[in-house]
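**Student:** below is the sequence, then the predicted model.
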Amino acid sequence: MDFLERTYDTFGAKLYHYLLGTLRSAADAEDALQTVFVKLAQRERDDEIEDLTSYLFSAARNEAIRIRGRKRPTLETPEEAPDRRPAPPDLLQATEDREVDRHKLEAALAVLPEEQREVVLLKVWEGLTFREIAQVLGVPQDTAASRYRYALEKLKTTLGE
Amino acid sequence: MEEHLYEFQRRPAPPGLKERILAAARAAPRPRLIDKLWNRKSLAAVAAGALASFGLYTLSLQPIPVDLNVAQRDLDRTKRLATQIVDSWRVDGVRRAMVARLSGPNELLPEDVR
């Protein structure tokens, strides 16, 4: 098993899930993930990367920003956009009796501001620490923590807990 | 609230994605030597410096345009000024000599001569 495969086994699913939550399109998430791994393969030396977690999630985030920026000019007019846009893919899975809760949670996540949603994704489902999240987002650690706190408060209000 | 979030699992990536991603990454062309060199910031900075130096050198080879009429006029003015200065020194020296000669006990003071 080479470096690329080891890295994919450790981070592939997490990166894909993060990109899916950020881009809200499976095809875009796959494209972005592929670009991240192609760039990783093209690096001269793997040992130049100090913190692989931060490097990979930063690369994924940059790629997501690039894809979003590329798509922006081709958006439809606001009146027709919601109907023609495909439904965002499911992010989470749950047992049958929790399906309703899962739908509610995904809807609540979808209306969070982007900067708060990505912190929740990185913290809860991708398992990053606040230090790593701060490195990925390029913000102070306190900012990452406060965004997480605000996001939890909003989710709590939206879900009526 | 936090515990509630952890109850839900991340949906797995679609099957076959790993193979597709790894195949694409392995098939990606490796950067050529010239690209690697070009990507190095220090080399790019040296190249920019060399280009700037060459530009300055090229500029320094251009002749400076000279207007002969202007140069001649400046030279004449300088000569005129120099002559005036020397003349004033000469006049001043004669005046001082006269004052020295006239300045006796009953004679005129230097202020009267001026």
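**Tutor:** Perfect, I can see it now.
**Student:** how close does B:H4 sit to B:Y57?
**Tutor:** From B:H4 over to B:Y57 the distance is 71 Å, taken as CB to CB, to the nearest Å. C-beta: built from backbone N, CA, C; applies to glycine.
**Student:** the more surrounded of those two?
**Tutor:** Per other CB atoms under 10 Å in any protein chain shown, whichever of B:H4 and B:Y57 has more neighbours is B:H4, with 14 against 9.
**Student:** secondary structure element for the more buried one?
**Tutor:** helix B:2-6 (DSSP states H and E).
**Student:** elements contacting that helix?
**Tutor:** Here helix B:2-6 touches helix A:141-159, going by 3 or more CB pairs under 8 Å, 6 or more residues apart in numbering or on different chains; DSSP states H and E.
**Student:** buried set for the helix it packs on?
**Tutor:** Applying a neighbour-count criterion of 16 or more other CB atoms under 10 Å in any protein chain shown, one finds A:T143, A:A144, A:R147, A:Y148, A:A151, A:L152, A:K154, A:L155 buried in helix A:141-159.
**Student:** ok, so of those, who is nearest chain B?
**Tutor:** Chain B has its nearest neighbour among the buried residues of helix A:141-159 in A:L152, at 4.9 Å by CB to the nearest CB.
**Student:** need the per-residue pLDDT for the closest one.
**Tutor:** Reported pLDDT at A:L152 in the predicted model: 92.
**Student:** test my guess that it contacts B:H4.
**Tutor:** No. Counting by CB atoms under 8 Å, A:L152 does not reach B:H4; the two are 9.6 Å apart.
**Student:** next one: the longest helix seen in chain B to chain centre, how far?
**Tutor:** The single longest helix within chain B, with elements called by DSSP state H, is helix B:68-102. The chain centre lies 40 Å from the centre of helix B:68-102; the measure is CA atoms, centre = their mean, to the nearest Å.
**Student:** then stretch A:105-118?
**Tutor:** On CA atoms, centre = their mean, the centre of stretch A:105-118 falls 11 Å from that of its chain.
**Student:** output it as PDB - backbone C-alpha positions only.
**Tutor:** Extracted in PDB, the C-alpha atoms of stretch A:105-118 (Å, rounded to 0.1, in the frame of the first residue of the first chain):
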ATOM      1  CA  LEU A 105     -31.200  18.100  11.000                       C
ATOM      2  CA  GLU A 106     -30.100  18.300   7.400                       C
ATOM      3  CA  ALA A 107     -32.600  21.000   6.700                       C
ATOM      4  CA  ALA A 108     -31.300  22.900   9.700                       C
ATOM      5  CA  LEU A 109     -27.700  22.400   8.600                       C
ATOM      6  CA  ALA A 110     -28.600  23.700   5.200                       C
ATOM      7  CA  VAL A 111     -29.800  27.100   6.400                       C
ATOM      8  CA  LEU A 112     -26.700  27.700   8.600                       C
ATOM      9  CA  PRO A 113     -24.300  30.300   7.300                       C
ATOM     10  CA  GLU A 114     -21.600  28.700   5.300                       C
ATOM     11  CA  GLU A 115     -18.800  29.600   7.700                       C
ATOM     12  CA  GLN A 116     -20.700  28.000  10.600                       C
ATOM     13  CA  ARG A 117     -21.800  24.900   8.700                       C
ATOM     14  CA  GLU A 118     -18.300  24.000   7.600                       C
END
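**Student:** does any bit of that stretch sit next to chain B?
**Tutor:** Yes. If you take CB under 8 Å from any CB of the partner chain as the test, stretch A:105-118 does meet chain B, through A:L105.
**Student:** buried residues, that stretch. List them.
**Tutor:** In stretch A:105-118, the ones that count as buried by 16+ other CB under 10 Å are A:L105, A:E106, A:A108, A:L109, A:L112, A:Q116, A:R117, A:E118.
**Student:** so of those residues, which ones are in helices?
**Tutor:** Using DSSP H, those in helices are A:L105, A:E106, A:A108, A:L109, A:Q116, A:R117, A:E118.
**Student:** redo those residues as JSON lines? Include distance to B:V86 and pLDDT.
**Tutor:** Shown next, in JSON lines, are those (distance: CB to CB, whole Å; pLDDT from 0 to 100):
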{"residue": "A:L105", "distance to B:V86": "101", "pLDDT": "87"}
{"residue": "A:E106", "distance to B:V86": "100", "pLDDT": "85"}
{"residue": "A:A108", "distance to B:V86": "98", "pLDDT": "88"}
{"residue": "A:L109", "distance to B:V86": "95", "pLDDT": "88"}
{"residue": "A:Q116", "distance to B:V86": "87", "pLDDT": "93"}
{"residue": "A:R117", "distance to B:V86": "89", "pLDDT": "91"}
{"residue": "A:E118", "distance to B:V86": "86", "pLDDT": "91"}
